[in-house]
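Chemist: Build me a model from this:
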Amino acid sequence: MDRAVLRAYGLAFSAMVMFTLEAVFIRMIGPEANAPQLALLRCIIQFGFLFVWLRGSFRLAFTSQRPMMHVLRGMLSAIGSVAYFYVFANLPLATATVIFFGNVIFTTAAAGPLLGETVGWRRWTATIVGFIGILIVVRPASVTFDLPLMIGLLLALNSAGIQLATKGLTRTEPTPTIMGYIALMTTVVNLPWALATWDWPSGWIWTLTIVIGIVGTLGQWASIQSFRGADASGIAPVQYLRIVLSAILGAWLFAEMPDTQTVIGATLVTLSALYITVREATMGRGATKKGAADEAA
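Modeler: Predicted coordinates for the structure are as follows:
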């Protein structure tokens, strides 16, 4: 299999693990979570990460020929970060996760016209199978539509926009620049909101907030890097595995034992993600061999 594609999917898997852990810690805080405050504190940790990575030179993080695209992507992150913390703090872990993954359908549908990617019937089929698995788990007919649920659906659309913008930026922009603009825009948007609603949390919540900032920043870095080696519509279904990990952690930490429908849905999700991963790696290897043959000819 093509090494670059495998690395991209490995990074996508790492990001999935980090984001799942982030969601678990947010769930532990629960209704006590102050979403704008959490988003702001995560940005402060992200700036510290960039400061160490760039050895104190923030100028490298904000040197770009596409600043407006960075601003757009940063605004999506600023809005999405608050919605993300709110949804995962106020909905059960598994429910919030499966709703969030509506972004995969939006990403796959838009990757062709917006990014010029080829989305064939096999990838569409695998994506739809994964989405059916999500519907089996979430049981939409029995879900009560409340504010956290509606915000979760909007979050899914927002997340698709973030993924598409990230893929477009990775074609020309370095990862520190993308992360720098995300932190900057999220800080600008959330600082007034966070200060207006500031609430001094207890010690254990401070600890979880710091951990959330660390794993969220590492997940963001791995996610951005993964888009450099594979199509956005190919990377997206790998995130389906988060529902499996969320179900395991939910059962272990919150006594949320999965029932038969959850197991069936999670199986469909896992199979679709594995199919996409193996097929993309195989196609990448074929393209590499073809390129080498053409060069030799």
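Chemist: burial measure for residue 64, as a count.
Modeler: By other C-beta atoms under 10 Å, 17 other residues sit near residue 64. Where you see a C-beta, it was placed from the backbone N, CA and C, and this is true even at glycine.
Chemist: quick one, what contacts the nearest residue to it once chain neighbours are set aside?
Modeler: Using C-beta to C-beta, 6 or more residues apart in numbering and skipping residues adjacent in sequence, the residue nearest residue 64 is residue 177, 5.3 Å away. With contact taken as C-beta atoms under 8 Å, 6 or more residues apart in numbering, residue 177 is in contact with 60-64, 70.
Chemist: Kindly recompute the last result at 10 Å.
Modeler: By C-beta atoms under 10 Å, 6 or more residues apart in numbering, the contact list for residue 177 reads 50, 60-67, 70, 169.
Chemist: Among the residues you listed, which are located in helices?
Modeler: Per DSSP state H, helices hold the following members of these: 50, 67, 70, 169.
Chemist: doesn't residue 59 make contact with the first one?
Modeler: When you say that, I think you mean residue 50. No: in this structure, residue 50 is not within contact of residue 59 by C-beta atoms under 10 Å, at 11.4 Å.
Chemist: And the two? Which one has more around it.
Modeler: Between residue 50 and residue 59, residue 50 has the larger neighbour count (other C-beta under 10 Å), namely 22 against 9.
Chemist: okay, that one: pLDDT?
Modeler: pLDDT recorded at residue 50 is 81.
Chemist: Show the residue spans covered by the helices in the chain.
Modeler: Secondary structure of the chain (DSSP H): helices located at 3-29, 35-53, 67-90, 93-100, 103-115, 121-138, 147-170, 175-196, 203-226, 232-235, 241-254, 260-296.
Chemist: Report pLDDT for residue 188.
Modeler: Residue-level pLDDT assigned to residue 188 equals 89.
Chemist: and it, how many neighbours does it have?
Modeler: With other C-beta under 10 Å as criterion, residue 188 counts 14.
Chemist: Please name the residues that touch it.
Modeler: Shown in contact with residue 188 (C-beta under 10 Å, 6+ apart): 43, 71, 74-75, 78.
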